[in-house]
Every structure is written in C-alpha cells, then in structure tokens.
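Enquirer: let's see this in three dimensions:
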Amino acid sequence: MADQTPPESNFTEEYDIITDEDIAEIRDALEGGRLDEAASKILESLEDLENAQLDIAVTGESGSGKSSFVNAIRGLQDDDEGAAATGVVETTMEPTPYPHPKHPNVTMWDLPGIGTSEFQSHAYLERVGFSRYDFFILIASERFRANHAQLAREIQKMGKRFYFVRSKVDADLDAARRRRPASYSEQGVLTQIRDDCCRRLLAEGVASPTVFLLSSWELGSYDFLALEETLEKELPAHKRHAFLLALPNLSLSILQRKKEAMQRQIWKLAAISCGVAAVPIPGLSVVCDVTILVKTLSEYRQTFGLDDESLCKLAEKVGKPVEDIKEAIKSPLVKEISRDLVLKLLTKAGGGALMFIEYLASTVPVFGSMAAGGISFGTTYYMLRSFLDEVARDAHNVLIKAFETDV
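Expert: Numbering: from 1, shown residues only. A predicted model of the protein is given here:
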C-alpha cells in the first residue's frame, strides 16, 4: 500500500451522516476524558447507519418484468436461490419481500400486478400496505397506461416518490435492428421509446413525467445509472448509504461512490476500534480491537464483490473462468482476511501514521480532541483507508477484466 496522505477534499465531508449535535457531544466527551461515552455515541451512529431499513416497492402489469427487475437489482439471476418467481402470467398475488442477499436491511417488494380493468389505485395501495415503502418503481414493458398514471397520482397525493421504468428495451432494440438494419440507430430507437412513454403519461394527466429505460438482462446499460443517481440524490442520507452499498457492482462510477460512502465511516470505525474493547498489540504502539478490524475488512471485500461467491457469480454471468477473473486482483491482501493480516497492515501503516495524525487534527475538528487515542487512532484510520483504496482498485480491475471495457 502506498504511504500517502489522502487528499484533503475527502475529509471535509466526513460528517454527512451524523448530526452537529452528535459531533458536539462526542467532542465534549473526548475533551472530558470520557472515552467510553464518546465510543458509545459513535457506535450508536454506526449501528443506526448499518441497520437503516430501506423498502422498495416494484409494481406494474403482468409480464412487464417486475420480478426480473427485483432479481437484477439484488444481483441475482432468475434461477438463483432466493430469486423472485418470474413468468408471463401474474405470479405475485400478495406483496412479497425479497431481502438483499448480502444487505438484508434492503428489501425489494414484488407487488401484485395492476393490469385489471377494475383497478382502483387507492384500494390497491391500502391492500399492499402503502406506508411501509420508501418509494415505488412503476414498470411497463410496452406502454404506460391509465392504471400506471392513476397509481402515480395516488402515490404522489400520499406524499411518497415514484419512478417510471420502461423495461425490456433490449428486446425493442433487437426488433428494430431486424426490421430496419440499414437505417437502425440505437439512440434513435431509445429516444422514440422515451418520447412515446412520456407522451402517453402526459395524456393520462401525469405532469412532467421522467421515464427510465432499462433491461434487467443488461442492467448496467441504458438509463440504470441515471435512475441510480436520482434515487441516491432523493433518499435521506442514512437510506442512501444502505441503497448504495446494496447496488450490484455494474459500473466504475458505482464502485467509486461505494468507496466514498465507506470512506466517510472510517473515522467512526477507527474510533470504536480504539475505544472500549481496545487491547495493546504486542510489538506495536497501538491499542485497538482487532476483531472489529477483521470484520470491517471482510465487509469491504464483500461490498466490492471480491469474495469467492461474488467472483464465481460474476464469472458465470460473463461466461469466463473464475480463474481469469481472479487474475485481475493484484493485491494479495484481499484474498484472506485474518487477525494476522490486520496485524501486518497495522505494522505497515505505522510509518505514515504520525504525519497523518497531525493532518487529521488540523483538518477534521473532532480529531483534535482525540489526542489520548493519538497513534492508535491514526494508525488504525490510515490502515483502513489504505486497505479500502486497494480493495476498490482491485474491484475496478475485476470489472474491466470481466466486461473487457471501461464500464
């Protein structure tokens, strides 16, 4: 790992998911020597973030691809264990929860279809338990109809957000290519689909509709990143964090935003590690809880899809041997997370920690109050930050290797 101080700009946003009041209480506890109290407050903030529940409702007409979308957004194929049942006829009769396989606090809800002539939006929302969902995805595979618009207006009236998704655009593109191979233009077809969707929604009384074009088979293509960025921007901070970490690693921009989200929590993890359960590390001027650090490094590896299960699924998806995918992992550090690895990384981090502590104390206010933790806090923070950089870099390499392009 390179011994370098990370850019200052990354530290000025460390408090996006913690209140000014909490920061003041933590600083007061540290300055008063009440380290247990400070650690407890920081741990509470971390647990609130880790346990933030996000419930996403997905609805639309039968056969529109609701269930395939629920699977794709959780990184699953339709025939994977735990996948939502799919079919050309309606297979969802009641709201069905599908927790994310690695982030169970994020749940996709596959709702019953809305394609009946007797559809009544208010009764439907009562039936599916409207209040439990953070937002709604309204899916159509062909045209948005009166039922979609009626439901959108009712959701809006009740104070929740909704997003229109036009699914299966890959099939539309294939059909257009076969019909008019000489004049085929992918962008032209997509524009035509989007304009038609918006025109129909406007005709049904939906003001200024935005429609995202997607394919569950090629989730990272078309408008998925625009949808992801919109959701991320409009969610509350703690739910935004949960949503982002649960996203499949489909693009370099998603990897970068995951890295930034995890960077913002490192100071809390370092503080907790050097807090209540900290013990001296033989041979090092560091007092910390190695168990917390082992758990954190393992979570970094899993979030970036570098664990064996994730790599095997990626290899299967792109049709390549998993050994070829693993060749893109340059760092030997991510292959096995253990206590010995943590001690090795702490030893290596010690060289840059002193300079790092001075830097942190001068740029991030609460760190100036952590003199008692001093070298332990600085070393732990530096180690976590450096490891995160390596994991993110390897995830970047794996994605490019898998898809043979800068996705």
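Enquirer: residue 49 belongs to a helix?
Expert: Yes - the assignment for residue 49 is a helix, going by DSSP: H, G, I helix; E, B strand; the rest coil.
Enquirer: how close does it sit to residue 192?
Expert: Separation of residue 49 from residue 192 (Cβ to Cβ, to the nearest Å): 43 Å. Any C-beta I mention is one placed from the backbone N, CA and C, and that applies to glycine too.
Enquirer: give me the domain ranges for the protein.
Expert: Structural domains of the chain, as assigned by automatic domain parsing, span the residue ranges 8-50+264-403, 54-246.
Enquirer: now those domains in JSON lines, with mean pLDDT and mean neighbour count?
Expert: Shown next, in JSON lines, are the domains of the chain (pLDDT from 0 to 100; neighbours: other Cβ atoms under 10 Å):
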{"stretch": "domain 8-50+264-403", "mean pLDDT": "73", "mean neighbour count": "18"}
{"stretch": "domain 54-246", "mean pLDDT": "88", "mean neighbour count": "18"}
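Enquirer: could I get those as a markdown table with distance to residue 257?
Expert: Formatted as a markdown table, the domains of the chain follow (distance: least, Cβ to Cβ, whole Å):
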| stretch | distance to residue 257 |
| --- | --- |
| domain 8-50+264-403 | 11 |
| domain 54-246 | 6 |
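Enquirer: residue ranges of the helices in the stretch 151-300 of the chain, please?
Expert: 169-179, 186-203, 224-234, 237-246, 252-263, 266-273, 290-303 (DSSP state H, counting those that start in this stretch).
Enquirer: between these, which one is closest to residue 100.
Expert: Comparison of these against residue 100 by Cβ to Cβ identifies helix 237-246 as nearest, at 4.7 Å.
Enquirer: what's next to the closest one, contact-wise?
Expert: Residues outside helix 237-246 that contact it (Cβ atoms under 8 Å, 6 or more residues apart in numbering) are 16-17, 48-49, 52-54, 74, 100, 102-103, 105-106, 134, 231-232, 235, 254, 257-258, 261-262, 303.
Enquirer: rerun at 6 Å
Expert: Helix 237-246 has contacts (Cβ atoms under 6 Å, 6 or more residues apart in numbering) with 16-17, 49, 52, 54, 100, 103, 105-106, 232, 235, 257, 261, 303.
Enquirer: isn't residue 154 right up against residue 121?
Expert: Yes - Residue 154 is within contact range of residue 121, at 3.9 Å (criterion: Cβ atoms under 6 Å).
Enquirer: residue contacts, residue 177?
Expert: The neighbours of residue 177, taking Cβ under 6 Å, 6+ apart as the test, are residue 184.
Enquirer: and the gap between it and residue 170?
Expert: Relative to residue 170, and taking Cβ to Cβ, residue 177 is found at 11 Å.
Enquirer: ok, now residue 135?
Expert: Relative to residue 170, and taking Cβ to Cβ, residue 135 is found at 25 Å.
Enquirer: how about residue 133?
Expert: Separation of residue 133 from residue 170 (Cβ to Cβ) stands at 28 Å.
Enquirer: and residue 380, by the same measure?
Expert: As defined by Cβ to Cβ, residue 380 lies at a distance of 46 Å from residue 170.
Enquirer: can you pull out the strands in the protein?
Expert: 54-60, 96-99, 106-110, 135-140, 161-166, 211-213, 279-280, 287-288 (DSSP state E).
Enquirer: the fourth one - contacts with which helices or strands?
Expert: Using 3 or more Cβ pairs under 6 Å, 6 or more residues apart in numbering; DSSP states H and E, the elements in contact with strand 135-140 are strand 54-60, strand 161-166.
Enquirer: can you do 8 Å?
Expert: Counting contacts by 3 or more Cβ pairs under 8 Å, 6 or more residues apart in numbering; DSSP states H and E, strand 135-140 is packed against strand 54-60, helix 66-73, helix 146-157, strand 161-166.
Enquirer: the second one now?
Expert: Under the contact criterion of 3+ Cβ pairs under 8 Å, 6+ apart, the helices and strands touching strand 96-99 comprise strand 106-110.
Enquirer: hmm, 10 Å instead?
Expert: Here strand 96-99 touches strand 54-60, helix 66-73, strand 106-110, going by 3 or more Cβ pairs under 10 Å, 6 or more residues apart in numbering; DSSP states H and E.
Enquirer: can you list contacts of that strand?
Expert: 55-56, 58, 67, 70-71, 73-74, 76, 82-85, 105-112, 132, 246 (Cβ atoms under 10 Å, 6 or more residues apart in numbering).
Enquirer: ok, now with 6 Å
Expert: Strand 96-99 is contacted from outside by 70, 84, 107, 108, 109, 110, using Cβ under 6 Å, 6+ apart.
Enquirer: returning to that earlier point: and of the strands of the chain, who's closest to residue 268?
Expert: strand 287-288 (13.7 Å).
Enquirer: which residues touch residue 303?
Expert: By Cβ under 6 Å, 6+ apart, residue 303 lies in contact with residue 245.
Enquirer: redo that, cut-off 7 Å
Expert: Neighbouring residues of residue 303 by Cβ atoms under 7 Å, 6 or more residues apart in numbering: 245, 258.
Enquirer: likewise for residue 153?
Expert: Contacts of residue 153 (Cβ under 7 Å, 6+ apart): residue 205.
Enquirer: likewise for residue 152?
Expert: Per Cβ under 7 Å, 6+ apart, neighbours of residue 152: 138, 162, 206.
Enquirer: show me what the second one is bridged to.
Expert: Partner residues in beta bridges with residue 162: residue 136, with DSSP bridges as the criterion.
Enquirer: so it touches residue 138, yeah?
Expert: Yes - counting by Cβ atoms under 7 Å, residue 138 is a contact partner of residue 162 at 5.7 Å.
Enquirer: figure out which of the helices and strands packed on strand 135-140 is closest to residue 335.
Expert: Of these, nearest to residue 335 by Cβ to Cβ is helix 66-73, at 28.4 Å.
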